[in-house]
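Participant: sequence and predicted model, in that order:
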Amino acid sequence: GAVVSQHPSWVICKSGTSVKIECRSLDFQATTMFWYRQFPKQSLMLMATSNEGSKATYEQGVEKDKFLINHASLTLSTLTVTSAHPEDSSFYICSALTPLIPGYKLRTDTQYFGPGTRLTVL
Amino acid sequence: AQTVTQSQPEMSVQEAETVTLSCTYDTSESDYYLFWYKQPPSRQMILVIRQEAYKQQNATENRFSVNFQKAAKSFSLKISDSQLGDAAMYFCAYGVYNNNDMRFGAGTRLTVKP
């Protein structure tokens, strides 16, 4: 249980193009998903919180027009890196939050992570 | 603001031995969660253990256990009978209910020597 998938696992693109990354919760519904960025040998940095049916909440310093987030359903959130540049090259990780429901089959109120997407912008 | 501090950038343990990873945090909240996540070379973040702050009993998951000291704001992870597969980056994390603001420590890289 609590499986989160991410697609693609790696992507190489040219500078100026846009890249879409999908995050899916496979066996549970997640009203809230999160997008993180991780540089080599560093910790995870929260970029934004994605809530189903509403606008994403971005962390300070994260450009919302560059990193477009859409939480279209209870199992899918997408991150689109628009007009990508080499400095956007990084490892992007999503997570999905399990519902806060007593007796839920999974650990409640816990983030489960996708396997990550390595983005390289040439 | 909540902060999470892992003061050990690297740790090493002999296979089958026990190792303890340290974590301290700062918060003004009374109700919150604490987590240890493992990130192996595959970079998949894996939940190791979770502790609710209102629970006095320390969480355990097989060979993994925590020493939660709420007053001291300390949350250490003990790995018993270390295995080669335990080698990874370990991140301590803090989150409030609804978990909309989880914060991670800088991580501790654990090496397991055969």
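Facilitator: That came in fine, so what should we check first?

Participant: who's in contact with the lowest-mean-pLDDT helix or strand in chain B?
Facilitator: When the helices and strands of chain B are scored by mean pLDDT, DSSP states H and E, strand B:103-104 comes last with a mean of 91. Applying CB atoms under 8 Å, 6 or more residues apart in numbering or on different chains, the contact partners of strand B:103-104 are A:Ser43, A:Leu44, A:Leu46, B:Gln2, B:Thr3, B:Val4, B:Tyr37, B:Phe91, B:Cys92, B:Ala93, B:Tyr94, B:Gly95. Where C-beta positions appear, they are placed from N, C-alpha and C, glycine not excepted.

Participant: looking at stretch B:11-19 now, give me its mean pLDDT.
Facilitator: In this model, stretch B:11-19 has a mean pLDDT of 98.

Participant: since we're on residue 36, how many residues are nearby?
Facilitator: No chain was given, so I picked chain A. By other CB atoms under 10 Å in any protein chain shown, 24 other residues sit near A:Tyr36.

Participant: actually it's chain B I care about, not the one you picked
Facilitator: Counted with other CB under 10 Å, B:Trp36 comes out at 26.

Participant: who's whatever residue of chain A ends up closest to chain B bridged to?
Facilitator: Nearest residue of chain A to chain B, counting by CB to the nearest CB: A:Phe113, 3.7 Å away. Going by DSSP bridges, A:Phe113 is paired in beta bridges with A:Ser95.

Participant: how about the strands of chain A, start to end?
Facilitator: Using DSSP state E, the strands of chain A run over A:4-7, A:10-13, A:19-25, A:32-38, A:44-51, A:57-58, A:67-73, A:76-81, A:90-97, A:111-113, A:117-121.

Participant: can you redo those strands as TSV with distance to B:Cys23 and mean pLDDT?
Facilitator: Shown next, in TSV, are these (distance: least, CB to CB, whole Å; pLDDT from 0 to 100):
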stretch	distance to B:Cys23	mean pLDDT
strand A:4-7	24	96
strand A:10-13	31	96
strand A:19-25	27	96
strand A:32-38	19	94
strand A:44-51	15	92
strand A:57-58	26	92
strand A:67-73	29	91
strand A:76-81	29	96
strand A:90-97	19	95
strand A:111-113	17	91
strand A:117-121	27	97
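
Participant: closest to B:Ala71 out of those?
Facilitator: strand A:111-113 (26.3 Å; CB to CB).

Participant: quick revisit: which residues touch the residue of chain A closest to chain B?
Facilitator: A:Val4, A:Ile93, A:Cys94, A:Ser95, B:Tyr37, B:Gln44, B:Met45, B:Ile46.

Participant: and if we set it to 7 Å?
Facilitator: Taking CB atoms under 7 Å, 6 or more residues apart in numbering or on different chains, we find A:Phe113 in contact with A:Val4, A:Ile93, A:Ser95, B:Gln44, B:Met45.

Participant: go ahead and confirm the second one touches A:Gln38.
Facilitator: Meaning A:Ile93. Yes: the pair A:Ile93 / A:Gln38 is scored as a contact, 6.1 Å apart, by CB atoms under 7 Å.

Participant: those two: who's more crowded?
Facilitator: A:Ile93 (26 against 20).

Participant: ok, that one to A:Ala2 distance?
Facilitator: Computed with CB to CB, to the nearest Å, the distance linking A:Ile93 and A:Ala2 is 15 Å.

Participant: relative to A:Asp88, how far out is B:Ala93?
Facilitator: Remark: distance between B:Ala93 and A:Asp88 (CB to CB) = 25 Å.

Participant: more neighbours: which of the two?
Facilitator: Looking at B:Ala93 and A:Asp88 with other CB under 10 Å, you find the greater number of neighbours at B:Ala93, namely 24 against 19.

Participant: tell me the spacing between that one and chain A.
Facilitator: Plainly put, B:Ala93 is 8 Å away from chain A if you go by CB to the nearest CB, to the nearest Å.
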